[in-house]
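Colleague: Predicted coordinates and the sequence they were generated for:
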Amino acid sequence: MVAQMLKSKGGFIIAMKNYDGDVQSDIVAQGFGSLGLMTSILITPDGKTFESEAAHGTVTRHFRKHQRGEETSTNSIASIFAWTRAIIQRGKLDNTDDVIKFGNLLEKATLDTVQVGGKMTKDLALMLGKTNRSSYVTTEEFIDEVAKRLQNMTLSSNEDKKGVCKL
Ligand SMILES: NC(=O)C1=CN([C@@H]2O[C@H](COP(=O)(O)OP(=O)(O)OC[C@H]3O[C@@H](n4cnc5c(N)ncnc54)[C@H](OP(=O)(O)O)[C@@H]3O)[C@@H](O)[C@H]2O)C=CC1
Ligand SMILES: O=C(O)CCC(=O)C(=O)O
């Protein structure tokens, strides 16, 4: 079943028991690039109770490197999306459009950092066959790049709003 999931382009849902879902989703995430790309969401049928988290663990091996003062390659995309999905859900529950827009903007800033800016952590660079040190950024550098992009997007969206007000 995992092999089929890895070969396919998705578009289906599989119900699994806890252990199977845990192990198989990790394999699929790694098969598509990195555990650092997978966010997990739990939602009750009434949509009111919601939990989102990065599906990977505490990445202890990287934390030990950080403690030794070495640079780390932890990809924060899954954690960022855990936050954005929670922020967007909060916005939906409260009917606060600006909160939803902020969540969407941060997701776009994160994806654009990789897809447009070509900035990525080592896990993704290796997947592209790039091994040179210059082809990837550290955990902190990646977050800085996302923050910069988000700030630029927020500024230009505020400019747009000003334009609308002037009209
Ligand atoms: N959802 C949960 O609550 C989970 C909790 N855990 C807990 O986390 C702790 C550590 O577990 P462990 O087995 O090391 O599993 P982890 O998922 O924390 O890490 C396993 C390996 O996967 C790669 N990896 C995971 N996340 C990322 C990321 N964001 N960016 C880049 N690479 C990543 C790293 O590989 P490499 O070292 O090759 O770079 C890492 O060493 C344990 O206490 C475990 O019980 C584990 C899994 C899920
Ligand atoms: O502790 C583990 O190894 C797995 C835990 C896990 O994946 C989870 O809590 O979702």
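Modeller: Okay, I see it. Ligands and ions are numbered 1, 2, ... in the order given.
Colleague: I figured Ile41 hits Ala54, correct?
Modeller: No. At 11.1 Å, Ile41 and Ala54 do not qualify as touching, with contact defined as Cβ atoms under 8 Å. Every C-beta, even on glycine, is put in place using the N, C-alpha and C of the backbone.
Colleague: For those two, indicate the residue with more neighbours.
Modeller: Ala54 (22 against 14; other Cβ atoms under 10 Å).
Colleague: contacting residues for that one?
Modeller: With contacts defined as Cβ atoms under 8 Å, 6 or more residues apart in numbering, the neighbours of Ala54 are Gly36, Met38, Thr39, Ser40, Ala78, Ser79, Phe81, Ala82.
Colleague: May I see these organised as TSV, with distance to Thr58 added?
Modeller: What follows is the contacts of Ala54, written out as TSV (distance: Cβ to Cβ, whole Å):
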residue	distance to Thr58
Gly36	13
Met38	15
Thr39	16
Ser40	15
Ala78	13
Ser79	11
Phe81	17
Ala82	14
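Colleague: Sort out which of those residues are in helices and list them.
Modeller: Residues from the contacts of Ala54 lying in helices, with DSSP state H as the criterion: Ala78, Ser79, Phe81, Ala82.
Colleague: Between all of these, which two are separated the most?
Modeller: Among those, the pair separated by the greatest distance (Cβ to Cβ) is Ser79 and Phe81, at 7.4 Å.
Colleague: Remind me which helix or strand Asp20 belongs to.
Modeller: The secondary structure element spanning Asp20 is helix 18-31 (assigned by DSSP states H and E).
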